[in-house]
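**Q** how would this look folded up:
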Amino acid sequence: MNTDPEVLSRFILEGNRRAIARAISKIENDDPSARVILDAIYSRVGSTHRIGITGPPGVGKSTLTSQLIRSFRKEGKKIGVIAVDPSSPFTGGAILGDRIRMQEAFTDPDVFIRSMATRGSLGGLARQAGEAADVLAASGKDVIILETVGVGQVELDIMDAADTVIVITVPDMGDVIQGMKAGLMEIGDIFVVNKADLEGAERTKTDLQFVLEL
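**A** Model prediction:
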């Protein structure tokens, strides 16, 4: 495919998957032509709704993402997913990779999934994830899901990248107050207690409600 940024920009606006992937790679690699592409598509970014999914590792973020994809596709919506993974210490790329996630969505032409490595970002989102989401929005996606690598004391930049933030926890993950110290209780719009069949789910729900009322 022609890698000229103006040509790529036109293909992105047409929803071409190869052009989208190429543009996101340029963004990840800080290629100077990425700025040309982003400027060219800016007027078409529009009001695509962006959903951020965050929470500690192992709570089921990818599982929820898969279910959201399935639900939105039943409504006929086109979906983009940016899944932020830990960086490989050798290559700098995403360790987990998108091909072991949400596999059933890969055959759907109206779903585009991309893994991005954190590359040292402390905010749970790769620095360029917001710009990658802009590319997906300009390509005609109705909903974009940004899934973080997992949260900690400083991993709060999901709040700046998403319109709606979903915070996931599971029973007996520890003191909810500690979660509030990490800032989770302040950034969440929706709180999900996943794996609710486990013992302690109702107590976790009650603790969340108590802290939110404070």
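**Q** buried stuff in stretch 187-206?
**A** By 16 or more other CB atoms under 10 Å, the buried positions in stretch 187-206 come out as 187, 188, 191, 192, 193, 194, 195, 201, 204. Any C-beta I mention is one placed from the backbone N, CA and C, and that applies to glycine too.
**Q** can I assume residue 9 sits in a helix?
**A** Yes: the assignment for residue 9 by DSSP: H, G, I helix; E, B strand; the rest coil puts it in a helix.
**Q** that one contacts residue 37, doesn't it?
**A** Yes: between residue 9 and residue 37 there is a contact under CB atoms under 8 Å: 5.2 Å.
**Q** common neighbours of these two, please.
**A** residue 23 (CB atoms under 8 Å, 6 or more residues apart in numbering).
**Q** more crowded one of those two?
**A** Shown here are residue 9 and residue 37; by other CB atoms under 10 Å, residue 37 has more neighbours (27 against 23).
**Q** ok, residues contacting the one helix or strand that one maps to?
**A** If you go by DSSP states H and E, residue 37 is part of helix 33-41. If you take CB under 8 Å, 6+ apart as the criterion, helix 33-41 is touched by 3, 5-6, 8-9, 12-13, 23, 26-27, 131, 134-135, 138.
**Q** can I get these in CSV with secondary structure, pLDDT and distance to residue 160?
**A** Listed next are the contacts of helix 33-41 as CSV, based on DSSP: H, G, I helix; E, B strand; the rest coil; pLDDT from 0 to 100; distance: CB to CB, whole Å:
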residue, secondary structure, pLDDT, distance to residue 160
3, coil, 74, 30
5, helix, 88, 26
6, helix, 90, 29
8, helix, 94, 26
9, helix, 95, 25
12, helix, 96, 23
13, helix, 96, 25
23, helix, 96, 21
26, helix, 94, 22
27, helix, 92, 17
131, helix, 92, 12
134, helix, 96, 13
135, helix, 97, 17
138, helix, 97, 19
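**Q** just the buried subset of these, written out for PyMOL, thanks.
**A** Listed next is the PyMOL selection for buried residues among the contacts of helix 33-41, using 16+ other CB under 10 Å:
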select buried, resi 5+8+9+12+13+23+26+27+131+134+135+138
